[in-house]
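> what follows is a protein structure lacking sequence information:
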């Protein structure tokens, strides 16, 4: 006796109940006549609740549902770099090129593989028949643009090679087999919710060098670490992430636009390919992957988009690459969790977010890390920079607070600084880094011998200015002692010359660790010289502060 066909019994927005069903949790299904892509998010006896990743308008009770037996996965292999994907991995450019109606939106039920199966790649085998291979071992390489794309034994696969051919193949072709019959291809699939295995997790004692002075000097992030970047509208979150994508010391950049405004993502799609990679002089897209899930796209796909992004990042990490994963923003991702949780009638937590918000964020951030990869390709890392859009700029809201518990650095953006055209608009009174001590030895070796001391002296100066600001507001700056007036004026100069950086100035858009140290150390030395003159009896008005300002500006110009 055959089981009856599963059918839709209830529809609540993007949630669909299906009965009868023995589907597994997170199993993918095609819903209705249009075969809408969906995923099982709850099971109760013979009923499965699915979140649909597409618009359910027009879906009717009684339409049939086909379960695939697999989970939502990513197809990983050559052709991934330079691609623009939606939240569930469909290639937007290829879908647009093949759209019969020429429309601007994906038609419901559209299925397209992440990788183009029509493209043939020249594969050069390095392993030989008879070789025993383990997960992560190199089988050969594919030349992709200006770089070699290593083809590795997929996780969970191993044995002795029976056949391995060189030649031109598509990602779907079998290029070889193991003795147990396991086929070997240029690409493989991996479930996006499952972290990829590693050989060993390593200590974060090297920095993720951003090229931004305020981050590298004051609030560094370890390679394989994570940073939360909360900021209100107009504080420059997107510009910061674009600057990091262009100038950070990352081999591969994965950018996830999660629930952001469509016009903002349109600007990104126009600007990102135009960014020039300083390393090669070619388009930055050649080492980037963009995942685009705008606010007008189905909300359920936002939840999947960040898992897709981190899975792609882990894939390139397994090649021994340093990967920067930018997410803009986790607030929109959390909003999708809240919406789906409400439709599931789950008990709400703070501000209506589900009670598991913090644990889901922790699971995502824990996929960052510096590791020794499987096989013989050495070390790789995934560094996560997650922008947060707190409503009203309130950092006490649940998403920001949950992110602070699991990220190692806070780059808090201040709208007041943004309105003053001070970028990056980092609030040095709120921001912090838990990685500063871990990476100080690296910066001392590669930046300057007194890196920690210079950092400490400048932070003390800014803290002293904060204390004096309130006093000056009551009695006026002219009533302060000369040493205090100098501290306030020099702190303002440090903010203007050292911490401020112009992303559109070719001479200032990127700062090296040595250049940052030279500028910061000179600022400390000049301040010490002026302070010594004060203590020697020179009145404040007789100090040539303007000459010191010009000298510091000259050092900045030379160190850029």
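Arrived safely, thanks for sending. Fair warning: this is a prediction, and the values are worked out from it, not measured in the lab.
> name the helices or strands packed onto the worst-scoring helix or strand of the chain on mean pLDDT?
The weakest-scoring helix or strand in the chain, judged by mean pLDDT, DSSP states H and E, is helix 262-271 (a mean of 77). Here helix 262-271 touches helix 237-247, strand 252-258, strand 288-293, going by 3 or more C-beta pairs under 8 Å, 6 or more residues apart in numbering; DSSP states H and E. For glycine as for every other residue, the C-beta is placed from the backbone atoms N, C-alpha and C.
> per-domain residue ranges of the protein.
7-73, 121-185, 199-436, 447-559 (automatic domain parsing).
> tell me which of these sits nearest to residue 110.
domain 7-73 (8.2 Å; C-beta to C-beta).
> what about the closest one, distance to the chain center?
Taking C-alpha atoms, centre = their mean, to the nearest Å, one finds domain 7-73 lying 30 Å from the centre of the chain it belongs to.
> measure it end to end?
24 Å (C-alpha to C-alpha, to the nearest Å).
> likewise stretch 470-480?
OK, stretch 470-480 end separation, C-alpha to C-alpha: 11 Å.
> show me what counts as buried in that stretch.
If you call a residue buried by 16 or more other C-beta atoms under 10 Å, then stretch 470-480 has these buried ones: 472, 480.
> and the contacts of the least confident helix or strand of the chain?
By C-beta atoms under 8 Å, 6 or more residues apart in numbering, the list of residues contacting helix 262-271 from outside reads 84, 238, 242, 255, 257, 290, 292, 294-296.
> and if you look at stretch 139-152?
77-79, 81-82, 121-127, 133, 135-138, 153, 164, 166, 175-176, 184, 186, 280, 282, 286-287, 318-319, 375, 377.
> among the contacts of helix 262-271, which one sits closest to residue 475?
residue 238 (41.1 Å).
> can you tell me how far that closest one is from residue 14?
27 Å (C-beta to C-beta, to the nearest Å).
> now swap in residue 140 and tell me
43 Å.
> tell me where the stretch 451-560 of the chain has helices.
With helices called from DSSP state H, counting those that start in this stretch, the stretch 451-560 of the chain shows them at 451-475, 482-494, 513-535, 545-559.
> and for the stretch 101-250 of the chain?
Under DSSP H, counting those that start in this stretch, the stretch 101-250 of the chain gives helices at 213, 237-247.
> residues in contact with the first one?
To tie it back to what came earlier, the one meant is helix 213. Under C-beta under 8 Å, 6+ apart, the answer for helix 213 is 498-499, 501, 511, 516, 519-520.
> closest to residue 442 out of those?
residue 516 (13.2 Å).
> just to revisit the earlier point, so of the contacts of stretch 139-152, which ones are in strands?
Among the contacts of stretch 139-152, the members found in strands (DSSP state E) are 121-125, 133, 138, 164, 175-176, 184.
> neighbour count added to those residues, as TSV?
Listed next are these as TSV, based on neighbours: other C-beta atoms under 10 Å:
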residue	neighbour count
121	22
122	13
123	24
124	13
125	20
133	20
138	17
164	22
175	22
176	21
184	24
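> report the central residue of the protein.
residue 326 (2.0 Å; C-alpha atoms, centre = their mean).
> quick one: mean pLDDT for stretch 164-172?
The pLDDT scores in stretch 164-172 average 96.
> gap between it and the chain center?
32 Å.
> list the buried ones in that stretch?
For stretch 164-172, by 16+ other C-beta under 10 Å, it's 164, 169-171.
> just put those residues in TSV and tack on distance to residue 63.
Output for the buried residues of stretch 164-172, formatted as TSV (distance: C-beta to C-beta, whole Å):
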residue	distance to residue 63
164	46
169	39
170	34
171	33
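> any buried residues in stretch 355-363, and which?
Neighbour-count burial for stretch 355-363 [16+ other C-beta under 10 Å]: 357-358, 360-361.
> same thing with stretch 19-39?
Under the neighbour-count criterion of 16+ other C-beta under 10 Å, stretch 19-39 has 19, 21, 23, 27-32, 34-39 buried.
> same check, this time on stretch 341-356
Buried, per 16+ other C-beta under 10 Å, within stretch 341-356: 341-343, 353-354.
> contacting residues for residue 401?
Taking C-beta under 8 Å, 6+ apart, one finds residue 395 in contact with residue 401.
> name the nearest residue to residue 423, ignoring sequence neighbours.
Leaving aside its sequence neighbours, residue 423 sits nearest to residue 236 (C-beta to C-beta, 6 or more residues apart in numbering; 5.2 Å).
> quickly note the distance from the one you found to residue 133.
According to C-beta to C-beta, residue 236 stands 47 Å off from residue 133.
> quick one, strands of the stretch 51-200 of the chain?
65-71, 73-76, 84-85, 121-125, 132-133, 138-144, 147-152, 159-164, 167-169, 174-178, 183-185, 188-191, 200-201 (DSSP state E, counting those that start in this stretch).
> just those: most buried one?
Neighbour counts (mean count of other C-beta atoms under 10 Å) averaged over each of these peak at strand 84-85, with a mean of 23.
> just give me how far it sits from the chain centre.
With C-alpha atoms, centre = their mean, you get 15 Å for strand 84-85.
> equivalent analysis for stretch 497-512, please.
On C-alpha atoms, centre = their mean, the centre of stretch 497-512 falls 22 Å from the chain's centre.
> do the same with stretch 253-273
Centroid separation between stretch 253-273 and its chain, computed with C-alpha atoms, centre = their mean, is 13 Å.
> okay, how far is it across that stretch, tip to tip?
Start-to-end, stretch 253-273 (C-alpha to C-alpha) is 12 Å.
> buried stuff in that stretch?
Those would be 253-260, 265, 268-269, 272, for stretch 253-273 by 16+ other C-beta under 10 Å.
> and if you look at stretch 445-458?
For stretch 445-458, burial by neighbour count (16+ other C-beta under 10 Å) applies to 447-448, 451, 454-455, 457-458.
> which residues does it contact?
Stretch 445-458 is contacted by residues 217-218, 436, 440, 443-444, 494, 498, 513-514, 516-518, 520-521, 523-524 when judged by C-beta under 8 Å, 6+ apart.
> narrow the residues you listed to those that are buried.
217-218, 436, 440, 443-444, 494, 498, 513, 516-518, 520-521, 523-524.
> which of those residues sits closest to residue 56?
Among those, and counting by C-beta to C-beta, the member closest to residue 56 is residue 218, at 47.6 Å.
> give me the low-pLDDT residue ranges for this protein?
1-4, 99-103, 560 (pLDDT under 70).
> if we use 80, what do you get?
Residue ranges of the chain with pLDDT under 80: 1-4, 98-105, 146, 260-269, 271-281, 296-297, 473-474, 476-478, 503-504, 559-560.
> for stretch 533-549, buried residues please.
Neighbour counts over stretch 533-549 (16+ other C-beta under 10 Å) mark 533-534, 540, 543, 545, 548-549 as buried.
> first to last residue in it, what's the distance?
16 Å.
> over to stretch 29-47?
Using C-alpha to C-alpha, one end of stretch 29-47 lies 14 Å from the other.
> same question for stretch 56-64.
Start-to-end span of stretch 56-64 (C-alpha to C-alpha) is 14 Å.
> can you point out the buried residues in that stretch?
So for stretch 56-64, counting by 16+ other C-beta under 10 Å, buried means 56, 59, 63.
> ok, those residues vs residue 312, which is closest?
residue 56 (27.4 Å).
> contacting residues around that closest one?
11, 13-14, 16, 36.
> now those residues: which count as buried?
11, 14, 16, 36.
> got those residues as CSV, with secondary structure and distance to residue 396 columns?
CSV is the format used below for the buried ones among the contacts of residue 56 (DSSP: H, G, I helix; E, B strand; the rest coil; distance: C-beta to C-beta, whole Å):
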residue, secondary structure, distance to residue 396
11, strand, 37
14, coil, 30
16, strand, 36
36, strand, 38
